[in-house]
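Visitor: Here's my sequence, what's the structure:
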Amino acid sequence: MNKLLGIVVIFLLAVSIQTCFAESWDDYAGLDHAWDGQKAITNQEFEKAMDTLQGKTKKREARQKKRKARKISGGGTSLHNELDPDKVIPELESVKSVSDDLLINLPVNIVIDGKLVEKGYYNVLGERNKENGKIYLSLYQGHYLKAKIEATETEDDYGEEEVNFINIKEYNNSFVKLIFGSIDFNAYAYVPFVE
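Guide: So this is what the prediction gives:
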């Protein structure tokens, strides 16, 4: 009896599923005529629509420029023509920070103050200590200081083409020479490495 009841239930489910699919296919009968009522748009109409959309963003940008000019110049007129708030203020090129420019790939593991610094990419920042005048090269990964190396100042630019540079050169079987150059100073340091 249970087997007969199970077979009847499965049969009824199969029949009802097929009828559901049959109803859904009827919805696609008008698909061939879906685009009949649409109008073709010319290039001029498209350009007008794009101009009106972009016009709002241009107005917003102009308002933001005026606000910035008011913050800088105080919003009033000045005796000097260069400070006129309606005049476009040229953007000054910001000075690149040394840490953004100087990236080094250490091909070997180096040892700094008895600590192992693994091979990889490091941002290098050269700093002169104001108290004692010594130069330090700081190795960063992300925001984390990984090592600080004391370096020796030199006048040699090591034949580098750029003013700001950082490079690593092979010195002997146990040391590498780390060379650094910036606008302020050039420096080098001998660093032991481990393979």
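
Visitor: can you list the residues that contact stretch 143-154?
Guide: 110, 112-113, 115, 117, 122, 126, 134-140, 178, 180, 185-189, 191 (Cβ atoms under 8 Å, 6 or more residues apart in numbering). No exception for glycine: its C-beta is placed from N, CA and C like everyone else's.

Visitor: tell me which residues in it are buried?
Guide: Applying a neighbour-count criterion of 16 or more other Cβ atoms under 10 Å, one finds Lys146, Ala147, Ile149, Ala151 buried in stretch 143-154.

Visitor: beta partners for the second one?
Guide: Spelled out, that is Ala147. Taking DSSP bridges as the rule, Ala147 bridges to Leu139.

Visitor: any weak-confidence spans in this structure?
Guide: 17-31, 71-101 (pLDDT under 70).

Visitor: what about the longest helix in it?
Guide: Counting residues, the longest helix found in the chain (DSSP state H) is helix 43-73.

Visitor: quick check, distance from that one to the centre of its chain.
Guide: The gap between where helix 43-73 is centred and where its chain is centred comes out at 26 Å by Cα atoms, centre = their mean, to the nearest Å.

Visitor: again, but for stretch 172-191
Guide: 29 Å.

Visitor: Can you give me the end-to-end span of it?
Guide: Terminal residues of stretch 172-191 are spaced 11 Å apart (Cα to Cα, to the nearest Å).

Visitor: List of residues touching that stretch?
Guide: With contact meaning Cβ under 8 Å, 6+ apart, stretch 172-191 is reached by 98, 102, 104, 108, 110-112, 124, 126, 128, 135, 137, 149-158, 160, 162-171, 192-193.

Visitor: quick one: the helices in this structure?
Guide: 2-26, 43-73, 98-101.

Visitor: between these, which one is nearest to Asp32?
Guide: Using Cβ to Cβ as the criterion, the shortest distance between Asp32 and the helices of the chain is 14.1 Å, found for helix 2-26.
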